[in-house]
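Q: Give me a 3D structure for the following:
(chains A, B, C and D)
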There are 2 protein chains.
Amino acid sequence: MDRVEPNKGRARAGTHIRKKRILALARKLFWQNGYHSVGMRELARAYGCQPANLYNYFETKEAILFEMLREEMAKIIEPIAHLEEQDGDAVEQLRFIISRHVKAILSHPRSGKALFDVALGILSRRNRNAIVSMRDTYERIVRKVLRRGQEQGVFLPCDEKLVGVMIASMVTRTKMWFHPKKGATVDELADFIFRFVLGGIQADEATHEALWWPPGPMDKKLKPI
Amino acid sequence: MDRVEPNKGRARAGTHIRKKRILALARKLFWQNGYHSVGMRELARAYGCQPANLYNYFETKEAILFEMLREEMAKIIEPIAHLEEQDGDAVEQLRFIISRHVKAILSHPRSGKALFDVALGILSRRNRNAIVSMRDTYERIVRKVLRRGQEQGVFLPCDEKLVGVMIASMVTRTKMWFHPKKGATVDELADFIFRFVLGGIQADEATHEALWWPPGPMDKKLKPI
DNA sequence: ACGATGTGAATGATCGTTCATTAATATCAA
DNA sequence: TTGATATTAATGAACGATCATTCACATCGT
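A: Sure, this is the predicted structure:
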């Protein structure tokens, strides 16, 4: 067991770095075993202290989950925030978004459970709103880029919301199955998803045209939540 | 509260249909609130009996989860099982697979948590193997169809495993966000995903060609778990 | 002295599960 | 048809375990 040796009673070593240490451990354990399966006892044991001590750094267990999710969402949003208003090649912007998103998702260690979705049901209304708001920001940026691409004529007329959901679905799920050891690297995976989103798998151009031109009756109609 | 009135002490009214009633309630509650959040007490209350009585029908709480997942996987696999060996138009077969999968995913009521992935970590090794085996069957069928399409020349040369994962990612995640009330119907959603998989969102044919022909270095290399 | 850091024991709640027991019904021999 | 017996269905109380959390107190650096 990789328990950390805490500075026993040693003050002024920095509350901040201790919080970060605990957060890093929580992130690892929560992703590996799920929020409900990881108790404060287990987290304290990994950190190397008694459970009670954790409450000197976080008010509740939920607060740990919240701060962790906030950090992760920030890591996803920050690199692409400038794309919301900035004009430019929409294709390259989409490539950038997918690449950064995949890297953020696969940055902290190994695979894990579907923590994010479970978490939204655990958080208090206030905390949940904060996380959902960040997710909405991500979705908004993606949609802006998708719309920009349509205006530039490089993307087909399509429902940006729906396409955005599809992209997020594919990217977030990589956490469940991707192992960089075997097969491709993270960069190659991101590149694959990007190209898959752009061009699909269809070889026949004529059928491609027939399917997507003119836009079907639902291309502009879908209203996902 | 929609509690069912059990046949109090009335024997021979059918163990089987009672198990099915409990299973239906468990499915609803597990998807709505998550496995860990739904206790045997809550399930018993919904069914209209004491918690102890549930153990006349299921050995453990995990057994309920397992049977429920087995049913759901069967509902996904059965309609497409014949496609594994049967030759035919791969495009239509893929359309059929996606359509059936979406319908199976969205058949039982409303939205919910990411139950499936969480569940795999809860199940015993034996039960987990059974479910994973069914999931593998689904993946195998999809890959067969994707390969068939490549041989027929209607799909681009690509990694069937990777494309299969992408399709499953998009479809399974619909459960999280799709509401048939607003916007499109289930059929329209399935059609969208199908067309998205086929053709992506790209408008420019030249770029499409450049991106996908010849196949990139990783198109045949990726080895997802 | 004071605040940061950590302990150890205890809290009430909830969890899945077990137990002995009862009521209603089905089965079947006399 | 009746009475004995077995089976199914359900009860209510309790079990031990674990959960997040609290509290009073100790330790140590500055």
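Q: Check chain A for its longest helix and report it.
A: Longest helix of chain A, by residue count under DSSP state H: helix A:125-152.
Q: Name the next helix or strand downstream of it, please.
A: As assigned by DSSP states H and E, the chain's next helix or strand after helix A:125-152 is helix A:160-177.
Q: Report the angle between whatever helix or strand comes next after that next one and helix A:125-152.
A: With elements assigned by DSSP H and E, the helix or strand that comes after helix A:160-177 is helix A:186-199. Put simply, helix A:186-199 runs at 60 degrees to helix A:125-152, going by axes from the mean of the first three to the mean of the last three CA atoms, to 10 degrees.
Q: show me the contacts for A:F30.
A: The contact partners of A:F30, taken as CB atoms under 8 Å, 6 or more residues apart in numbering or on different chains, are A:V38, A:L65, A:M68, A:G112, A:L115. All C-beta spots, glycine's among them, are computed from the backbone N, C-alpha and C.
Q: And the pLDDT for it?
A: pLDDT for A:F30: 93.
Q: Relative to A:E72, how far out is it?
A: 11 Å (CB to CB, to the nearest Å).
Q: Report the beta-bridge partners for A:F155.
A: Following DSSP bridges, A:F155 is listed with bridge partners B:Q202.
Q: residues near it, how many?
A: Using other CB atoms under 10 Å in any protein chain shown, A:F155 has 25 neighbouring residues.
Q: I'd say it and A:R143 touch.
A: No: assessed by CB atoms under 8 Å, A:F155 is found out of contact with A:R143, at 11.5 Å.
Q: Give me the residue at the spatial middle of chain A.
A: A:I105 (5.1 Å; CA atoms, centre = their mean).
Q: Can you give me the distance of that one to A:K75?
A: Counting by CB to CB, the gap from A:I105 to A:K75 is 9 Å.
Q: Then A:G200?
A: 29 Å.
Q: out of those two, which sits in the busier spot?
A: Per other CB under 10 Å, whichever of A:G200 and A:K75 has more neighbours is A:G200, with 26 against 16.
Q: isn't the residue nearest to the centre of chain A right up against A:V171?
A: Yes: counting by CB under 8 Å, A:I105 does reach A:V171; the two are 6.1 Å apart.
Q: Am I right that A:Y57 is in a helix?
A: No: under DSSP: H, G, I helix; E, B strand; the rest coil, A:Y57 sits outside any helix and is assigned coil.
Q: Tell me, how many residues neighbour it?
A: Neighbour count for A:Y57, taken as other CB under 10 Å: 18.
Q: With A:Y47 instead?
A: Using other CB under 10 Å: A:Y47 sits among 22 other residues.
Q: now A:R135
A: For A:R135, the count of nearby residues is 16 (other CB under 10 Å).
Q: got it, and A:M134?
A: A:M134: 17 neighbours (other CB under 10 Å).
Q: quick one, what contacts it?
A: A:M134 touches A:R70, A:M73, A:A74, A:I77, counting by CB under 8 Å, 6+ apart.
Q: Adding pLDDT as columns, could you present those residues in CSV?
A: Converted to CSV, the contacts of A:M134 look like this (pLDDT from 0 to 100):
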residue, pLDDT
A:R70, 96
A:M73, 96
A:A74, 97
A:I77, 97
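Q: In helices, which of those residues appear?
A: Here DSSP H is the test, and those give A:R70, A:M73, A:A74, A:I77 as lying in helices.
Q: Now restrict those residues to buried residues only.
A: Those of the ones in helices among the contacts of A:M134 that meet the buried threshold are A:M73, A:I77, by 16 or more other CB atoms under 10 Å in any protein chain shown.
Q: now, which of the ones in helices among the contacts of A:M134 sits nearest A:N53?
A: A:R70 (22.6 Å; CB to CB).
Q: Let me know whether the closest one touches A:A130 as I believe.
A: Yes: counting by CB under 8 Å, A:R70 touches A:A130, with 6.8 Å between them.
Q: Between those two, which contacts overlap?
A: Counting by CB under 8 Å, 6+ apart, nothing touches both A:R70 and A:A130.
Q: Show me the shaky parts of chain A.
A: A:1-13, A:109-113, A:201, A:203-225 (pLDDT under 70).
Q: now do 80
A: Along chain A, the model assigns pLDDT under 80 to residues A:1-14, A:108-114, A:182, A:200-225.
Q: Just the buried residues of the longest helix of chain A, please?
A: If you call a residue buried by 16+ other CB under 10 Å, then helix A:125-152 has these buried ones: A:127-128, A:131, A:134-135, A:137-139, A:141-146, A:148-150.
Q: now swap in stretch A:51-67 and tell me
A: A:L54, A:Y57, A:F58, A:K61, A:I64, A:L65, A:F66, A:E67.
Q: what does stretch A:155-175 give?
A: A:155-156, A:158-175.
Q: and these near DNA strand D, which?
A: Counting by CB under 7 Å from any atom of the strand, nothing from those sits close to DNA strand D.
Q: I'd guessed A:I141 sits against A:E84; true?
A: Yes: using CB under 8 Å, A:I141 makes contact with A:E84 at a distance of 4.8 Å.
Q: re the thing from before, from the contacts of A:M134, which is closest to DNA strand D?
A: Checking the contacts of A:M134 against DNA strand D by CB to the nearest atom of the strand gives A:R70 as the nearest, at 17.3 Å.
Q: For burial, what's the neighbour tally of A:E72?
A: The burial count for A:E72: 20, using other CB under 10 Å.
Q: residue contacts, it?
A: Contacts of A:E72 by CB under 8 Å, 6+ apart are A:R27, A:A104, A:H108.
Q: What is the nearest of these to DNA strand D?
A: Using CB to the nearest atom of the strand, the contacts of A:E72 come closest to DNA strand D at A:R27, 15.3 Å.
Q: Spit out the contact partners of A:V102.
A: Contacts of A:V102 (CB under 8 Å, 6+ apart): A:V171, A:T174, A:V186, A:L189, A:A190, A:I193.
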